[in-house]
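K.L.:
Generate coordinates for the sequence data below:
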Amino acid sequence: MAETKLEWMVIYDVRDPKRWRKVYKLLRGYGQRLQYSVFKCQLSDRQLQRLRWQLEQRLDAVDSLLLVGLCGTCVERVVARNRPESWGDDGQGVLFKIV
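P.N.:
Predicted coordinates for the structure are as follows:
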């Protein structure tokens, strides 16, 4: 039986360009890049723990990492928009969504 996978947003701020590239290359193998330092990944619990361990090997104390678990409803509401005029009301009471 396959492991259940959940969506995760991985957001990072890495101070050193060398370390940033290492983190970027690692995350490319796990998910989809949405913005400069933001990835959306579909991970099982085992993959999440492995990713966390691998990130700890690459990050320094001055770097920041945020892992945000997304429920099914949250995943549906993630919208990427790049023009201010497209930020209007989407009919769901949300003015805009930042991804």
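
K.L.:
got the contact list for the longest helix anywhere in the chain?
P.N.:
Longest helix in the chain by number of residues, with DSSP state H as the criterion: helix 45-58. Residues from elsewhere that reach helix 45-58 (CB atoms under 8 Å, 6 or more residues apart in numbering): 3-5, 8, 10, 12, 19, 22-23, 26, 30, 41, 43, 65, 67. In short, each C-beta sits where N, CA and C put it, glycine included.

K.L.:
In strands, which of the residues you listed fall?
P.N.:
Using DSSP state E, the subset of the contacts of helix 45-58 located in strands is 8, 10, 12, 41, 43, 65, 67.

K.L.:
how far out from the middle of the chain is stretch 16-24?
P.N.:
16 Å (CA atoms, centre = their mean, to the nearest Å).

K.L.:
May I have it exported as CSV, CA atoms only?
P.N.:
Output in CSV follows, covering the C-alpha atoms of stretch 16-24 (Å, rounded to 0.1, in the frame of the first residue of the first chain):
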residue,chain,number,x,y,z
ASP,A,16,25.4,32.4,1.2
PRO,A,17,25.0,31.9,-2.6
LYS,A,18,26.8,28.5,-2.5
ARG,A,19,24.5,27.1,0.2
TRP,A,20,21.5,28.6,-1.6
ARG,A,21,22.4,26.7,-4.8
LYS,A,22,22.8,23.5,-2.9
VAL,A,23,19.4,23.9,-1.3
TYR,A,24,17.8,24.9,-4.6
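
K.L.:
buried stuff in it?
P.N.:
Residues of stretch 16-24 classed as buried: 19, 20, 22, 23, 24 (neighbour count, 16 or more other CB atoms under 10 Å).
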